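# I'll drop the sequence and a predicted model, then ask my questions.
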Amino acid sequence: ETYSMRQFFEVDLHPEAACGGPLDLHLSLDLEPRTLMAFEDEVMSLSDDDDPSDDLVVQIVFTWALPPLENGPDLLVLATELAGLGGPDLPTQVSAIDSFESVTDAPQRSLGVTARLETPLAALFRGDDTNWMCDALERSRAISEYLLDRAPAWLGEEA
């Protein structure tokens with residue numbers, strides 16, 4: 001048996017315009033125990049006037065998922081469009097999985113989009129008055145709206 005002290009916090013969201021819609025947004029915070037303990041050791045060794053270094057980071061992961069698509073998008077075009085929306089501060093990765101229920105069935109393509117945001121633990125500790133999280137959430141909203149606008153065509157629901 002193995003035990004892990006890894007902490008993983010998750011929130012399932014959907015954009016306001018997508019209540020009951022096809023898009024799911026999964027937000028997670030992955031906190032490695034060694035990173036947390038190293039940060040605690042660093043903070044405990046500092047004098048009151050010193051600030052901890054920005055070396056140790058925590059990852060916030062945004063994951064968008066759509067149901068199987070009838071008419072999947074061109075992945076290169078989609079990746080390029082989403083890169084423009086996410087920008088350098090919220091880089092996105094686009095992936096697709098083709099699955100076959102049986103050998104004679106047509107493939108069903110599922111689309112996934114992931115973005116990772118790394119932030120220093122020291123910035124969270126200091127309570128820096130930066131808008132990094134607000135900016136990331138605004139960019140994630142723009143990505144969500146982009147996916148929602150195109151989802152009906154991909155799902156084969158548009159006439």
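Thanks, I have the structure now.
# the residue located most distally from the centre of the chain and Asp24, how far apart?
Relative to the centre of the chain, the most outlying C-alpha is that of Ser47, 35.8 Å out, by CA atoms, centre = their mean. Distance from Ser47 to Asp24, counting by CB to CB, to the nearest Å: 46 Å. (C-beta placed from N, C-alpha, C; glycine too.)
# can you give me phi and psi for the residue farthest from the centre of the chain?
Taking degrees, to the nearest 10, you get phi -80, psi 170 for the backbone angles of Ser47.
# how far away is the nearest residue to Val113 once chain neighbours are set aside from Asp12?
Using CB to CB, 6 or more residues apart in numbering and skipping residues adjacent in sequence, the residue nearest Val113 is Trp64, 4.2 Å away. Using CB to CB, one obtains 11 Å as the distance from Trp64 to Asp12.
# which one's more surrounded, these two?
Comparing Trp64 with Asp12 by neighbour count (other CB atoms under 10 Å), the higher total belongs to Trp64, at 25 against 10.
# quick one, what contacts Pro107?
By CB atoms under 8 Å, 6 or more residues apart in numbering, the contact list for Pro107 reads Asp98, Ser99, Phe100.
# same thing but 10 Å
Residues near Pro107 by CB atoms under 10 Å, 6 or more residues apart in numbering: Pro68, Gly72, Ile97, Asp98, Ser99, Phe100, Glu101.
# wait, which of those is closest to Ala153?
Nearest to Ala153 among these: Gly72, at 10.3 Å, using CB to CB.
# hmm, back to that, could you tell me which residues touch both of Trp64 and Asp12?
Joint contacts of Trp64 and Asp12 (CB under 10 Å, 6+ apart) are Asp24, Leu25, His26.
# please consider this matter closed, and thank you.
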